[in-house]
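**Student:** test case, fold it:
(2 chains)
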Protein chains: 2
Amino acid sequence: MTRLLYDLAGADPALRFSPYCWRTRLALAHKELEVETTPWRFTETDRLAFSGQKLVPVLVDGDRVVHDSWMIAEYLEATYPDRPSLFGGPAAQALARFVNGWADSILHPWIARMVVRDILDCLRPEDAGYFRESREKRFGMTLEALVATREQARETFRKELQPVRLTLRAQPFLSGAAPAYADHIVFGAFLWARAVSGFRLLEADDPVHAWRERMLDLYGGLARRSPGHEV
Amino acid sequence: MTRLLYDLAGADPALRFSPYCWRTRLALAHKELEVETTPWRFTETDRLAFSGQKLVPVLVDGDRVVHDSWMIAEYLEATYPDRPSLFGGPAAQALARFVNGWADSILHPWIARMVVRDILDCLRPEDAGYFRESREKRFGMTLEALVATREQARETFRKELQPVRLTLRAQPFLSGAAPAYADHIVFGAFLWARAVSGFRLLEADDPVHAWRERMLDLYGGLARRSPGHEV
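**Tutor:** Below you'll find the predicted structure:
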């Protein structure tokens, strides 16, 4: 049986930049489950029709099809209880959902403001039109106007990271002594930026920077070996 | 043995408005540990000298003196393992620290902008001078100038609550099916506002509002019976 993940890619099929797909890839690695990934582009919604929706990640695990990164994490935890836990128990799973909500609603919009224009340059021409149109509609301005304010956005972004910073001053990972899914969630956002942009998000002396380095080394350097900018 | 908590109070000794002290009171109630509270005012630092520092909460538990709400929570969990767990295991304890950091660095500053002027009216004259001076220094403006912008602050505050809202759309408490310390942390911030201000923080149809109502009912209505505004 081959386990297969539909994973957002750029024009270069090796460039994988979806923060949600990264959550799933890291979760699979954490649970020591092998997976084959297939590059998928924004306009290839037909290829996902079998999943009943239009977004990645989609995981095909034997005869099971699961989509949505959070649903996949819950599925993996329930289906493979003998593998290393993604959460560390029900209370931690509940709080990982808070981290998930924080990443989706606070962290991602700020990162998007800084890197979304750079994504455009990573896409096939046939995907770039969709991308520009949908993102300019979401932000209510051109991607060029958005990126012009990214230095100010970075100031706010770094303030919004303070909960991560305070946590990492007290412990090596968000999940405590060892990484788990809450770390994958937040790290996925940094891998999204790393894949597409050379814009420097973090100061070198930020505890979040040191944590990101530790995360890049996990699972045999899975993330570090992936194409991206060293910032 | 009497267990004693030094708890921030207003001119009315029954008015308890420290979000950090509320974390501790809720944690003690959660662990089914009785406590006597003694009202303490901002300028009574001499009364805390025995604790080696100047801030509440300070818990005196037999011959143990513990200060700092997070340290107290960890102390209670370690000292009373046979009582209901405050965290639900080490991974959840690690993630509760993230919620703690989020409340301290994001939630509290926004609530302060909206209610800090109202606190002034709740204090004894001999505490009000210290309070005005220290808070105006912190915010870099008069309390009156700060409160003049609180309707705009509320817009941002409600956006910053989105991680809480997303979590509570999926589960009844931040900690999952039942409340635990992560809920106490966030709820403590709302009790701070409730004690001192009639300014309406939440829309009635906000899932956070419904959760706050559930929290007010916990532990025999401990929080609801405490003096405060019904908003």
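**Student:** show me which residues of chain A sit near chain B.
**Tutor:** A:85, A:87-102, A:104-106, A:160, A:162-167, A:170-171, A:173-177, A:180, A:182 (Cβ under 8 Å from any Cβ of the partner chain). The C-beta positions use only the backbone N, C-alpha and C, and glycine is treated the same way.
**Student:** show the buried residues in these.
**Tutor:** The neighbour count (16 or more other Cβ atoms under 10 Å in any protein chain shown) marks A:85, A:87-88, A:91-102, A:104-106, A:160, A:162-167, A:171, A:173-176, A:180, A:182 as buried among these.
**Student:** how much space separates the most centrally placed residue in chain A from residue A:184?
**Tutor:** Chain A has residue A:19 as the residue nearest its centroid, 1.8 Å off, counting by Cα atoms, centre = their mean. Residue A:19 sits 10 Å away from residue A:184, going by Cβ to Cβ, to the nearest Å.
**Student:** repeat for residue A:224
**Tutor:** According to Cβ to Cβ, residue A:224 stands 15 Å off from residue A:184.
**Student:** and what of residue A:203?
**Tutor:** With the distance defined as Cβ to Cβ, residue A:203 ends up 23 Å from residue A:184.
**Student:** what about the two, which has more around it?
**Tutor:** Neighbours were counted for residue A:203 and for residue A:184 using other Cβ atoms under 10 Å in any protein chain shown; residue A:184 has more, 32 against 9.
**Student:** you'd agree the more buried one is up against residue A:20?
**Tutor:** No - if you go by Cβ atoms under 8 Å, residue A:184 and residue A:20 don't touch, sitting 10.6 Å apart.
**Student:** which stretches of chain A form helices?
**Tutor:** Remark: helices assigned in chain A by DSSP state H are A:19-30, A:69-79, A:90-102, A:108-120, A:125-139, A:143-147, A:150-160, A:162-170, A:181-196, A:207-221.
**Student:** out of those, which is closest to residue A:4?
**Tutor:** Closest approach to residue A:4 among the helices of chain A (Cβ to Cβ): helix A:19-30, 11.1 Å.
**Student:** tell me what that closest one is packed against?
**Tutor:** Contact analysis of helix A:19-30 by 3 or more Cβ pairs under 8 Å, 6 or more residues apart in numbering or on different chains; DSSP states H and E lists strand A:3-8, helix A:69-79, helix A:181-196, helix A:207-221 as its packing neighbours.
**Student:** now with 7 Å, please.
**Tutor:** Where contact means 3 or more Cβ pairs under 7 Å, 6 or more residues apart in numbering or on different chains; DSSP states H and E, helix A:19-30 is packed against strand A:3-8, helix A:69-79, helix A:181-196.
**Student:** give me the mean pLDDT for it.
**Tutor:** Mean per-residue pLDDT for helix A:19-30: 98.
**Student:** list the contacts for residue A:176?
**Tutor:** Counting by Cβ atoms under 7 Å, 6 or more residues apart in numbering or on different chains, residue A:176 makes contact with B:90-91, B:94.
**Student:** quick check: pLDDT value at the closest residue to it other than its chain neighbours.
**Tutor:** Leaving aside its sequence neighbours, residue A:176 sits nearest to residue B:94 (Cβ to Cβ, 6 or more residues apart in numbering or on different chains; 3.2 Å). With respect to pLDDT, residue B:94 scores 98.
**Student:** how is chain A divided into domains?
**Tutor:** A:3-79, A:90-221 (automatic domain parsing).
**Student:** dump the ones you listed to CSV, plus distance to residue B:6.
**Tutor:** Formatted as CSV, those follow (distance: least, Cβ to Cβ, whole Å):
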stretch, distance to residue B:6
domain A:3-79, 42
domain A:90-221, 24
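**Student:** residue A:65 against residue A:51, yeah?
**Tutor:** Yes - contact between residue A:65 and residue A:51 holds when scored by Cβ atoms under 7 Å: they sit 5.3 Å apart.
**Student:** show me which of the two is the more surrounded one.
**Tutor:** Neighbours were tallied for residue A:65 and for residue A:51 using other Cβ under 10 Å; the higher tally belongs to residue A:51 (18 against 14).
**Student:** now do the contacts for the more buried one.
**Tutor:** Residue A:51 is in contact with A:58, A:65, A:67, counting by Cβ under 7 Å, 6+ apart.
**Student:** closest to chain B out of those residues?
**Tutor:** The shortest approach to chain B among the contacts of residue A:51 belongs to residue A:67, at 16.7 Å (Cβ to the nearest Cβ).
**Student:** that closest one - how many residues pack around it?
**Tutor:** Neighbours of residue A:67 under the rule other Cβ under 10 Å: 21.
**Student:** wait, it touches residue A:49, no?
**Tutor:** No - assessed by Cβ under 7 Å, residue A:67 is found out of contact with residue A:49, at 11.8 Å.
**Student:** one step back: what do residue A:65 and residue A:51 both touch?
**Tutor:** Common neighbours of residue A:65 and residue A:51 (criterion: Cβ under 7 Å, 6+ apart): residue A:58.
**Student:** low-confidence ranges in chain A?
**Tutor:** Low-confidence segments of chain A (pLDDT under 70): A:1.
**Student:** now do 90
**Tutor:** Of all residues in chain A, those with pLDDT under 90 make up the ranges A:1-2, A:230-231.
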